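*Asks:* build the 3D model from these lines:
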Amino acid sequence: MSVCRLLKRSFSRRKVLRRGIVVGFFLGVMFVATSCLPGVVGAPTSGLSYGKGPLDAIREAADRTTTSGPYSQCGLSSLELAVMMMVPTYFEAGGAVPSPMTLSRWDNVNAWSLNANLFAFGQTTGPYVNAFFSPGVGLWQFDSAGGWDLTAADAIDAGTASNTAAAHIASKWCDASRDPYWNANPQRRRAYAWGAWFGCRPSANTAPCEDRYQQLVLDGAINSAQDVGVDRSGGMSSRTCDVVGLGADLPCWYVNPANAQGSKGWTYGTYDAGRPDLYTPLPKPFYVVRANGREYRIWLKVDTGYDIGITASHPVTTNARTSVVWERQANLCDKTLSRGECGGAPPVGVLDSVTASSSGAGSVRVTGWAWDRDTTGPVPIHIYVGAVGNATTTGGARSDVAAVYAGAPGNTGFDVTLPSAVGNQRVCAYAIDVGGVLGNPQLGCRDVVVTTIPRGTFDSVVARPGSIEVSGWSVIPGDPSSTAIVSVDGAIAARLNRAVARTDIQVGISGIELNSGFSGSIAATGGRHVVCLTTGSLPLGALGCRIVDIAGGSPFGALDVVSGRSGGVSVVGWAVDPDITSPDTVHVYVNGVGYAVTADANRPDIGGGLPAYGPLHGFSVDLPAPGGVATVCAYGINVGVGAHTLLGCRTTWVPTGSPIGVVDVLARAGNAVTGSGWVYDPDTAASIPVHVYVNGVGYAVTANGNRPDFAGTMPFYGAAHGYSFSLPIGAGPGTVCIYGIESAGTGGNVLLGCRTI
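*Replies:* Numbering: from 1, shown residues only. Model prediction:
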């Protein structure tokens, strides 16, 4: 049965109606139901059980939410809301009696790579894995990724968590009324309201959640047994704590999974770093503090057995996976039980960077911050460069530290340049405890290559056609891997390895390697160039510059030969571009049709006259052209300085016309006639057909026989232009005629001869 509280309200003589129904009146006084706490079945039949403390909190939250506030007018009863709140906890917290202390155990790195940040210091292995920042907490597994305004303690406390769950589920129930699909029936509205929980999402199979809902409702009451051994905090203890930097007498909560009330299935399973698809670590006992908008989870050494205390914090409404900050300290004193760090706190801080200094030779720049909560003054810092110790103090502005660490001043930084030997050095920094009893924590160590002032120079800078040859030396004492950096006209053109032995340099500069020399060739166009040397991080030109002039200009050359041939022209010439030693490109135009050729043929005459460029600058090419007059022009294509150059133009004749040939032999041999000769078509170098007519009967042969005598006088056409035949002829005189057949270009068939045999 529901327990409803009644509010006495005066009224006039008129009957008071609500939605057209008489609510009630008695002697001028009306009693209106304003609050209905969902009842619990006296003898439950569902076989289900729930912690009494959490169930009372759920009933109260459901009552408040449905009788006042923005969700009180959606037709949602307190019983419906209370049971809807209970249902997902069976699937999220799990077990026969869901535990308010439930900490998520499945946020492994296989599920989300960012889950690695939930491990102490982002390390999924090592001695501190059980200082694990569980993101999902409590009956409803409120995850920090959801932006809930809940710390772990808030999510565990059933009173606080129930209010959040009630508001969320009621808002979704009310929103569902705006969508015809979800508003079709109560089952769909409940599915929509459960959407935030994996086991009850609308896109998944929601039958288990709906079935559980039906089990939990009987005769207008909650059909569940109550476990009096589970209170609202589920085993979490309320304490009072002092936290250095946060304040004194702060409310805090102690969460120890061993003290969890209700089902403890979530505590089972051992973390295995080799199985990132299984359980995450079960956290060691920790304290929860809310301060300055942040949640702090603090692990004391007395609880963990670790050699350090550990603190993790993040802004309450942010995803811990991307915002949690880890500290190697636990400056918390549990004043309720007098445990923890109740007698001061060691310093905290970070070594941010160690770099080889650019302000002087043989030095390092060291930056970082440190804060000792036990003092308002500067913190002594000891820095070791190799084995050499150096002392400094904090005092530099670090607003970023003050923004994260409550109570920290704004001047916790240090930035100092220290002398160092050259070569590989390890630099370590320590914060010195002002009390002298809690230890001097190491802020970090870094490895750095320390060098002295770079030195070097050009020995020679020589201009070559299309290139600049450089040689010289450069060194950075302490950095044997440095390279010589050569720039041309203000831009880096080459990084040259120092591979040339230079005993003269090694003798003059102690402690450097033998191979300090360099040499190389750098491509460059014609004209004046500024060539500079540097190394390491020095500016371009720091080790000197030279000015060189490279021969440059437009290409030059010649069009030596243009001759006609069968079906085209033969073109011979040469070209050189002063800006480069490599072959130039030549464009040849035949009657206006362009062809690109490379002038890379061997021309010893050119190499002899221009030794700097070599002989590979000739070109010789056959190009197609129709019969008749052909005009051929060649251009050298410019690279770098200059312009394209006309090498020359020539006109030639491309043979054309009808076939030409002779009949060398025509004779009778009995009843056969034999003949031979040669014939060609000026329009083509190919063999052409020959037609032979004997007494008017035609025969076709091909003039493809070898005729070296013909080739000797007509080399463009080749030797395959001879013909021969032996054909039948009747008794008595006969007439034999031979024709050359036009095969290409212009012209017609030609009679080579007729004879009577």
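*Asks:* what are the buried residues along stretch 605-616?
*Replies:* Neighbour-count burial for stretch 605-616 flags 606-607, 610, 613-616 (criterion: 16 or more other Cβ atoms under 10 Å). Every residue, glycine included, has its C-beta placed from N, CA and C.
*Asks:* where exactly do the helices run in the protein?
*Replies:* Listed in chain order, the helices of the chain (DSSP state H) span 52-67, 78-92, 152-156, 158-176, 186-193, 207-215, 301-304, 320-323, 399-404, 503-508, 604-609, 708-713.
*Asks:* as CSV, those helices with mean pLDDT and distance to residue 201 would be great.
*Replies:* Output for the helices of the chain, formatted as CSV (pLDDT from 0 to 100; distance: least, Cβ to Cβ, whole Å):
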stretch, mean pLDDT, distance to residue 201
helix 52-67, 97, 21
helix 78-92, 96, 10
helix 152-156, 98, 20
helix 158-176, 97, 12
helix 186-193, 93, 8
helix 207-215, 91, 9
helix 301-304, 94, 37
helix 320-323, 96, 21
helix 399-404, 85, 36
helix 503-508, 81, 73
helix 604-609, 89, 82
helix 708-713, 88, 91
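*Asks:* so which helix or strand of this protein has the lowest pLDDT on average?
*Replies:* strand 17-18 (a mean of 26; mean pLDDT, DSSP states H and E).
*Asks:* reformat the helices of the chain as JSON lines; add distance to residue 753.
*Replies:* As requested, those are arranged in JSON lines below (distance: least, Cβ to Cβ, whole Å):
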{"stretch": "helix 52-67", "distance to residue 753": "122"}
{"stretch": "helix 78-92", "distance to residue 753": "110"}
{"stretch": "helix 152-156", "distance to residue 753": "116"}
{"stretch": "helix 158-176", "distance to residue 753": "109"}
{"stretch": "helix 186-193", "distance to residue 753": "107"}
{"stretch": "helix 207-215", "distance to residue 753": "107"}
{"stretch": "helix 301-304", "distance to residue 753": "119"}
{"stretch": "helix 320-323", "distance to residue 753": "101"}
{"stretch": "helix 399-404", "distance to residue 753": "108"}
{"stretch": "helix 503-508", "distance to residue 753": "90"}
{"stretch": "helix 604-609", "distance to residue 753": "49"}
{"stretch": "helix 708-713", "distance to residue 753": "17"}
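*Asks:* out of the ones you listed, deepest packed?
*Replies:* Among the helices of the chain, ranked by average contacts under mean count of other Cβ atoms under 10 Å, first place goes to helix 152-156 (a mean of 26).
*Asks:* how many neighbours does residue 573 have?
*Replies:* A count of nearby residues for residue 573, using other Cβ atoms under 10 Å, gives 27.
*Asks:* just residue 431 next, same as before
*Replies:* 27.
*Asks:* isn't it right next to residue 379, touching?
*Replies:* Yes: using Cβ atoms under 8 Å, residue 431 is in contact with residue 379, at 5.6 Å.
*Asks:* below-threshold pLDDT in this protein: ranges please.
*Replies:* Scanning the chain with the threshold set as pLDDT under 70 gives 1-35, 202-206, 343-345, 357-361, 406-407, 435-438, 510-511, 745.
*Asks:* again, 50 this time
*Replies:* Within the chain, the set of residues satisfying pLDDT under 50 comprises 1-3, 5-34, 360.
*Asks:* domains in it, by residue range?
*Replies:* Domain assignment for the chain by automatic domain parsing gives 1-34, 35-105+136-223, 348-450, 455-548, 556-654, 660-756.
*Asks:* so which of these comes closest to residue 250?
*Replies:* Of all those, domain 348-450 sits nearest to residue 250, with 10.9 Å by Cβ to Cβ.
*Asks:* nearest the middle, which residue of the protein would you pick?
*Replies:* residue 113 (15.0 Å; Cα atoms, centre = their mean).
*Asks:* ok, now how distant is it from residue 124?
*Replies:* 11 Å (Cβ to Cβ, to the nearest Å).
*Asks:* so what's the nearest residue to residue 148 once chain neighbours are set aside bridging to?
*Replies:* Excluding its sequence neighbours, the residue lying closest to residue 148 (Cβ to Cβ, 6 or more residues apart in numbering) is residue 142, at 4.7 Å. On the basis of DSSP bridges, residue 142 is bridged to residue 137.
*Asks:* what ranges do the strands span in the stretch 601-750 of the chain?
*Replies:* Here the stretch 601-750 of the chain has its strands, by DSSP state E, counting those that start in this stretch, at 601-602, 616-624, 628-636, 645-654, 660-669, 672-680, 689-694, 697-702, 705-706, 720-728, 735-740, 750-756.
*Asks:* how close does the residue lying closest to residue 199 once chain neighbours are set aside get to residue 49?
*Replies:* Here the nearest residue to residue 199 in space, its sequence neighbours aside, is residue 91; by Cβ to Cβ, 6+ apart that works out to 3.3 Å. Plainly put, residue 91 is 16 Å away from residue 49 if you go by Cβ to Cβ.
*Asks:* what does residue 733 give?
*Replies:* Distance from residue 733 to residue 49, by Cβ to Cβ: 134 Å.
*Asks:* same check on residue 432?
*Replies:* Counting by Cβ to Cβ, the separation of residue 432 from residue 49 is 57 Å.
*Asks:* what do you get for residue 370?
*Replies:* Counting by Cβ to Cβ, the gap from residue 370 to residue 49 is 53 Å.
*Asks:* with neighbour numbers in mind, choose between those two.
*Replies:* The residue with more neighbours, out of residue 370 and residue 49, is residue 370; 26 against 19, by other Cβ under 10 Å.
*Asks:* got the contact list for residue 52?
*Replies:* 226-228, 230-231 (Cβ atoms under 8 Å, 6 or more residues apart in numbering).
*Asks:* drop anything exposed from those.
*Replies:* 226-227, 230-231.
*Asks:* residue 160: which of the residues you listed is nearest?
*Replies:* After measuring the buried ones among the contacts of residue 52 against residue 160 - Cβ to Cβ - the closest member comes out as residue 231, at 13.8 Å.
*Asks:* once you drop chain neighbours, what's closest to that closest one?
*Replies:* residue 53 (3.7 Å).
*Asks:* and that neighbour, how far from residue 698?
*Replies:* 121 Å.
*Asks:* in this structure residue 280 contacts residue 124, no?
*Replies:* No: if you go by Cβ under 8 Å, residue 280 and residue 124 don't touch, sitting 9.3 Å apart.
*Asks:* neighbour-wise, which of those two wins?
*Replies:* Set side by side, residue 280 and residue 124 show more neighbours around residue 280, with 26 against 19, by other Cβ under 10 Å.
*Asks:* what residues does the more buried one make contact with?
*Replies:* 104-108, 115, 118, 132, 134, 271.
*Asks:* surely the residue nearest to residue 231 touches residue 157?
*Replies:* No: using Cβ under 8 Å, residue 53 makes no contact with residue 157, being 9.9 Å away.
*Asks:* what's the distance between residue 245 and residue 372?
*Replies:* According to Cβ to Cβ, residue 245 and residue 372 sit 10 Å apart.
*Asks:* between the two, who's got more neighbours?
*Replies:* residue 372 (25 against 18).
*Asks:* so who does the closest residue to that one other than its chain neighbours touch?
*Replies:* Nearest non-adjacent residue to residue 372, counting by Cβ to Cβ, 6+ apart: residue 347, 4.1 Å away. The neighbours of residue 347, taking Cβ under 8 Å, 6+ apart as the test, are 370-373, 379, 431-434, 440-441.
*Asks:* export those residues to a markdown table and tack on distance to residue 626?
*Replies:* Formatted as a markdown table, the contacts of residue 347 follow (distance: Cβ to Cβ, whole Å):
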| residue | distance to residue 626 |
| --- | --- |
| 370 | 90 |
| 371 | 92 |
| 372 | 97 |
| 373 | 98 |
| 379 | 94 |
| 431 | 92 |
| 432 | 97 |
| 433 | 99 |
| 434 | 101 |
| 440 | 96 |
| 441 | 92 |
